[in-house]
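S.K.: Give me the fold of what follows.
(one chain, ligands or ions: 1)
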Amino acid sequence: MNLSAIPLAVRTTCPYCGVGCGVQATPLPDGSIAIAGDASHGANAGRLCVKGSALGETLGLDGRLLHPQLREGGALRRASWDEALDKVAGGWRDIIAEHGPDAVALYVSGQLLTEDYYIANKLMKGYIGSANIDTNSRLCMSSAVAGHKRAFGADLVPGCYEDLELADMVVLVGSNTAWCHPILFQRIVRAKEARPQMKLVVIDPRRTATCESADLHLPVKLGTDVWLFNGLLCYLAQHGVVDAGFVAAHTNGFDEALAAAHVDCADPLAVARACRVDPRDVLDFYAMFAATAKVVTAFSQGVNQSSAGTDKVNSIINCHLATGRIGRPGMGPFSLTGQPNAMGGREVGGLANMLAAHMELDRAVHRDTVQTFWDSPRIADRPGLKAVELFQAIEDGRIKAVWIIATNPLVSMPDANQVQRALEKCQLVVVSDIVEKTDTNAYADVLLPALGWGEKDGTVTNSERRIARQRGFLAAPGEARADWLALCQVARRMGFAGFDFAGVHEVFDEHARLSGYRNDAQGSPRVFNIAALAGMDRRRYDQLEPLQWPLRADPAGAVEGTPRLFGDGRYAHADGRARCVATAPRAPAHLPDADYPLALNTGRVRDQWHTMTRTGKSARLADHVPEAFVDMHPQDALLCGVREGELARVSTQWGAMVARVQHGGGIARGAVFVPIHWSGQTASDARVGALVNPAVDPVSGEPEFKHTPVRVEQFRVS
Ligand code: SF4
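M.R.: The predicted structure is shown next:
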């Protein structure tokens with residue numbers, strides 16, 4: 001038998017949702033790639049959802065950006081990498097010299113690998129000296145980050161996926177887990193089948209596919225989550241379920257949080273009225289939660305994407321702190337991240353208000369630690385502009401150059417028409433992408449070809465803090481390069497030392513060393529620590545197995561991960577205690593009125609990912625939902641004069657689009673749902689971002705994607 005003829009499988013990680021499933025990719029002699037789940041991976045144990053299993057269908061080179069391009073005389077022309085890099089570095093140098101470091105910005109993405117993110121953050125904060133680097137993860141989980149920091153003292157996810165199987169009750173809030181985190185949902189359903197006493201409660205304004213497995217669905221009115229969870233806190237107190245010993249020993253602020261909740265939410269009937277749900281269902285949920293010790297409350301974009309997102313997160317965490325249900329198997333609040341590396345970006349400070357290694361931009365000792373470690377000429381000393389502010393600053397001229405990497409803000413940002421105006425005005429727009437034509441690329445002055453999934457190498461971290469390798473198994477197409485490398489090459493052209501890496505493993509090594517580095521005894525205990533992985537050479541880096549941070553090495557040198565945090569009752573606040581945060585219900589930033597009488601909710605469909613630049617290549621995936629739609633209640637459709645199957649004009653005060661009317665998505669009266677995926681590049685020009693209001697949460701800066709006043713009317717061709 002000729003062993004060399006047997007194709008070798010490469011173990012890598014799915015590039016889509018935050019579950020972070022392990023994938024085995026096998027290049028076959030005919031040039032295709034066989035895709036299978038990695039049975040040894042802790043997230044998925046060999047299973048893949050329909051998107052993950054279709055990865056091999058999305059790898060063709062049609063539509064790929066293969067060479068750098070420069071805009072000249074209004075048109076893009078092919079250029080060499082040297083020309084393109086000189087243009088970026090020279091442009092940034094000139095703009096910084098004339099207008100200062102805050103006149104340039106990076107807008108990056110949860111699609112980046114941790115090493116790409118690390119270099120982008122290092123360049124911006126340590127060398128340019130500005131914190132104007134933000135990410136599309138701002139649109140996704142920044143409210144969870146802010147809620148964690150307020151409650152725990154740092155952005156720490158307490159538990160792990162196994163807790164969702166060990167729990168006797170799983171509460172899913174603002175999450176269509178069945179479609180958006182399918183493999184994790186399958187784990188929950190299997191656990192429930194094995195233990196029928198396990199209860200599943202779904203809290204979602206829509207009756208989604210997730211509800212089909214639920215014991216109880218609470219179709220709360222959009223934006224009323226704080227009502228519901230503050231009501232739960234009151235109920236727990238009224239029924240003697242608060243763990244007074246835990247609260248006294250490990251928390252601050254419980255009395256204030258309970259008093260704040262009592263103002264509006266002490267009466268479950270009032271809560272039910274505010275949430276527009278059956279009072280019996282509210283009481284059933286409260287009684288079930290009170291009676292069940294092992295509860296996990298998992299939440300996602302329906303909670304985060306709100307102008308009150310951080311308060312919603314803390315109202316959930318408060319209920320777990322009040323009952324001491326945290327840090328132990330089968331219990332705790334759990335943030336489901338949307339993107340494959342939303343967590344990795346947080347590790348390296350890829351948000352405008354964070355430093356690397358989960359250190360804080362507003363703490364001098366942390367700034368000094370990072371600057372000393374980097375030996376950098378400067379360090380940003382105040383938060384930069386968050387995503388929505390960043391594009392507003394481009395439009396008003398404060399930011400004159402932006403480098404956008406691995407994201408398509410002209411489709412995905414709220415008030416996307418404002419982003420278009422901003423890029424039209426911007427002096428220098430650089431875009432790194434794998435795709436040649438996107439709505440955003442149309443405004444680029446410099447286009448840089450990036451490596452895609454299957455071509456690039458690095459690490460990602462999933463929702464349960466599990467760091468895993470993405471491994472390349474395809475040759476770089478055309479002249480595409482890794483994003484970390486392009487960033488280093490620009491940095492060197494700008495005259496900065498500290499960007500000479502022989503390979504991506506050296507970037508990871510620096511990241512790991514920084515996580516354990518101390519130059520000052522005052523530094524608080526480091527919450528993010530993967531120093532046990534420092535010093536890996538290329539071979540060991542290639543062999544890296546998935547591990548959940550924080551990491552430690554045993555006496556024999558074996559590295560162990562940490563599935564759960566806070567089991568010792570100690571949190572990351574200086575006094576070691578968690579915080580219950582006083583929250584009060586508040587309405588969405590913009591309310592429906594006579595002109596825009598309905599509320600627009602946005603989200604994903606099962607078989608597409610973001611703006612479809614990859615999943616759009618698979619005919620199988622496209623079959624599931626072939627075009628953009630507006631889903632609404634039949635009676636609202638009647639009042640709007642539109643019928644199922646017809647095209648309708650969907651408009652808000654920020655923009656408009658055309659979509660086909662459908663019913664059947666379990667939409668309550670007064671709301672409509674439009675998916676996020678379609679863009680100006682697809683057959684149906686339907687950028688829902690153009691409709692979404694730009695209101696943001698005051699703490700997290702996360703936009704309100706789940707509530708924009710909207711009008712639906714007959715579409716007439718003019
Ligand atoms: Fe990929 Fe998420 Fe599906 Fe897993 S559940 S295969 S990570 S899209």
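
S.K.: what does stretch 271-280 contact?
M.R.: Residues outside stretch 271-280 that contact it (C-beta atoms under 8 Å, 6 or more residues apart in numbering) are 218-221, 224, 227-228, 230-231, 264-265, 268-269, 281-282, 585, 668. Any C-beta I mention is one placed from the backbone N, CA and C, and that applies to glycine too.

S.K.: That one spans what distance, first to last residue?
M.R.: 11 Å (C-alpha to C-alpha, to the nearest Å).

S.K.: next one: stretch 607-619
M.R.: One end of stretch 607-619 sits 11 Å from the other (C-alpha to C-alpha).

S.K.: Then stretch 19-30?
M.R.: End-to-end for stretch 19-30, by C-alpha to C-alpha: 31 Å.

S.K.: quick one: buried residues of that stretch?
M.R.: 19, 20, 21, 22, 23, 24, 25, 26, 27 (16 or more other C-beta atoms under 10 Å).

S.K.: In strands, which of those fall?
M.R.: Judged by DSSP state E, strands contain the following of those: 22, 23, 24, 25, 26, 27.

S.K.: Looking at the residues you listed, which is nearest the ligand?
M.R.: Nearest to the ligand among these is residue 23, at 7.3 Å by C-beta to the nearest ligand atom.

S.K.: how about that closest one, what does it touch?
M.R.: Shown in contact with residue 23 (C-beta under 8 Å, 6+ apart): 11, 12, 13, 14, 35, 36, 37, 38, 48, 52, 55.

S.K.: near the ligand, from those?
M.R.: Restricting those to those touching the ligand (C-beta under 6 Å from any ligand atom) yields 14, 48, 52.

S.K.: who wins for neighbours among these?
M.R.: The most crowded member of the ones next to the ligand among the contacts of residue 23, judged by other C-beta atoms under 10 Å, is residue 14 (29 neighbours).

S.K.: Mind checking which of the contacts of residue 23 land in helices?
M.R.: Counting by DSSP state H, those place residue 52 in helices.

S.K.: Using TSV, please lay out the ones in strands among the buried residues of stretch 19-30 together with pLDDT and distance to residue 679.
M.R.: Output for these, formatted as TSV (pLDDT from 0 to 100; distance: C-beta to C-beta, whole Å):
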residue	pLDDT	distance to residue 679
22	97	30
23	97	26
24	97	31
25	97	27
26	96	32
27	93	30
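
S.K.: would JSON lines of those residues with distance to residue 439 be doable?
M.R.: Output for those, formatted as JSON lines (distance: C-beta to C-beta, whole Å):
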{"residue": "22", "distance to residue 439": "33"}
{"residue": "23", "distance to residue 439": "29"}
{"residue": "24", "distance to residue 439": "34"}
{"residue": "25", "distance to residue 439": "30"}
{"residue": "26", "distance to residue 439": "35"}
{"residue": "27", "distance to residue 439": "32"}
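
S.K.: The ligand contacts on the stretch 1-150 of the chain?
M.R.: Going by C-beta under 6 Å from any ligand atom, the residues of the stretch 1-150 of the chain near the ligand are 14, 16, 17, 19, 20, 21, 44, 48, 49, 51, 52.

S.K.: Which residue, other than its chain neighbours, is closest to the third one?
M.R.: Among residues not flanking residue 17 along the chain, residue 181 sits closest, at 5.5 Å (C-beta to C-beta, 6 or more residues apart in numbering).

S.K.: if we can go back for a sec, by neighbour count, which of the contacts of residue 23 wins?
M.R.: residue 13 (31 neighbours).

S.K.: Pull the contacting residues for it.
M.R.: Counting by C-beta under 8 Å, 6+ apart, residue 13 has contacts 20, 21, 22, 23, 41, 340, 460, 462, 468, 469, 470.

S.K.: ok, now how distant is it from residue 41?
M.R.: Applying C-beta to C-beta, to the nearest Å, the value for residue 13 to residue 41 is 8 Å.

S.K.: shared neighbours, those two?
M.R.: By C-beta under 8 Å, 6+ apart, the residues touching both residue 13 and residue 41 are 21, 22, 468.

S.K.: now those residues as TSV including distance to residue 508?
M.R.: Formatted as TSV, the shared contacts of residue 13 and residue 41 follow (distance: C-beta to C-beta, whole Å):
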residue	distance to residue 508
21	21
22	18
468	12
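
S.K.: and which of those is nearest to residue 489?
M.R.: Among the shared contacts of residue 13 and residue 41, residue 468 lies closest to residue 489 (C-beta to C-beta), at 27.1 Å.

S.K.: would the closest one count as being in a helix?
M.R.: No. Remark: residue 468 does not belong to a helix; assigned using DSSP: H, G, I helix; E, B strand; the rest coil, it is strand.

S.K.: who touches it in this structure?
M.R.: Applying C-beta under 8 Å, 6+ apart, the residues near residue 468 are 13, 20, 22, 41, 43, 459, 460, 461, 462, 544, 546.

S.K.: before we move on, what about residue 242?
M.R.: Residue 242 makes contacts with 236, 254, 322, 323, as judged by C-beta under 8 Å, 6+ apart.

S.K.: So what does it look like in phi/psi?
M.R.: Phi and psi for residue 242, reported as degrees, to the nearest 10, are phi -70, psi 130.

S.K.: I am finished for the moment; much appreciated.
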